[in-house]
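Participant: Provide a 3D model corresponding to the input given below.
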Amino acid sequence: MIYFKKNRYKKFLQKKNFGQVFLKDKFVIKKIIKYISPTVDDLLLEIGPGLGALTIPISHKVDILNVVDIDIDILNFFKKKNFFSKINFFLQDICNFNFEEFYLKNKKNKIRIFGNLPYNISTFLLMYLIKFNLIIQDMHFMLQKEVANRILSYPNSKLYGRLSILIQYFFKVKKLFDVTPQSFYPVPKIYSTFLKLSPHKVFPQFNFNLNILSKITKTAFSKRRKILKHSLKSLFSENTLLELNINPKFRAENLSLKEYCQLTDYLVRKNM
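Facilitator: Residues are numbered from 1 along each chain as shown. Purely as a prediction, here's the structure:
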């Protein structure tokens, strides 16, 4: 495997507005590749390749590696490298990337997505990726530890919120390992966590609408200190909550994913 020398990527102009933090720890890189376990037939897409810490070794294992990055300097950096012949580079904002169009053009397998997600867009991007869960095989992401903990959290936790509920509805989430700040350049002030997200094959047996679930959770957690009969009064009466066996005196963080599905089911049926 080929890796960049420390002084090599230090000379690269890091752009703070893109949230660029470059992975440099060889041990961590090997662990990530082992977990992803890429094969020749995989439809792989890397988000934010940095200076190629993962891109280079993974490109040796596949015929084509798809890469998305908004920074033209990264593209120009890659163009000078031997491995670029194996790279299909999309120069664009990942938050506007059309995963469905990408899948339909390839259509050999579902998409396997991986990357070291920029901290400034990670939450927005994860919510965006929910829409494409049916064409995703799995996702392996390096995330800010705090964001990862929010995704992994369960009811009655201060970290439990909209992100936890929406991600857990669509994906099985597995924590793989934590990563120290010293594994990156420049050294960030926070720890990171490497997660695997796999789309569920079976969903709770309720009438479901993502927009409605999103609206309910947004309404509830925007006033998370209030009890439900007050925070959700624009959507549900106290009697309705009681009919659904949901305690009106609970707060947003006390409800399980299943109970949020019940609330969603009620509104979907009501509007049918």
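Participant: how near is residue 221 to residue 214?
Facilitator: Per C-beta to C-beta, to the nearest Å, residue 221 is found 11 Å from residue 214. In short, each C-beta sits where N, CA and C put it, glycine included.
Participant: where do the strands sit along the stretch 1-150 of the chain?
Facilitator: 22-23, 43-47, 65-69, 87-91, 111-116, 136-144 (DSSP state E, counting those that start in this stretch).
Participant: Export these as CSV, with columns for mean pLDDT, distance to residue 269 and mean neighbour count.
Facilitator: Converted to CSV, the strands of the stretch 1-150 of the chain look like this (pLDDT from 0 to 100; distance: least, C-beta to C-beta, whole Å; neighbours: other C-beta atoms under 10 Å):
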stretch, mean pLDDT, distance to residue 269, mean neighbour count
strand 22-23, 92, 47, 22
strand 43-47, 97, 37, 23
strand 65-69, 97, 39, 23
strand 87-91, 97, 41, 16
strand 111-116, 97, 33, 23
strand 136-144, 97, 29, 21
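Participant: Which of these sits closest to residue 252?
Facilitator: Closest of those to residue 252 is strand 136-144, at 22.6 Å (criterion: C-beta to C-beta).
Participant: Just the residues contacting the closest one, thanks.
Facilitator: 23, 32, 35-36, 43, 99, 109-117, 119, 122, 126, 129, 151, 171, 176, 179, 190-199 (C-beta atoms under 8 Å, 6 or more residues apart in numbering).
Participant: Distance to residue 256 added to the strands of the stretch 1-150 of the chain, as JSON lines?
Facilitator: Formatted as JSON lines, the strands of the stretch 1-150 of the chain follow (distance: least, C-beta to C-beta, whole Å):
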{"stretch": "strand 22-23", "distance to residue 256": "36"}
{"stretch": "strand 43-47", "distance to residue 256": "31"}
{"stretch": "strand 65-69", "distance to residue 256": "35"}
{"stretch": "strand 87-91", "distance to residue 256": "38"}
{"stretch": "strand 111-116", "distance to residue 256": "28"}
{"stretch": "strand 136-144", "distance to residue 256": "24"}
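Participant: now for those, which one comes closest to residue 271?
Facilitator: Across these, closest to residue 271 is strand 136-144 (C-beta to C-beta), at 28.4 Å.
Participant: The closest one to strand 43-47, inter-axis angle?
Facilitator: Inter-element angle recorded for strand 136-144 and strand 43-47: 20 degrees (by axes from the mean of the first three to the mean of the last three C-alpha atoms, to 10 degrees).
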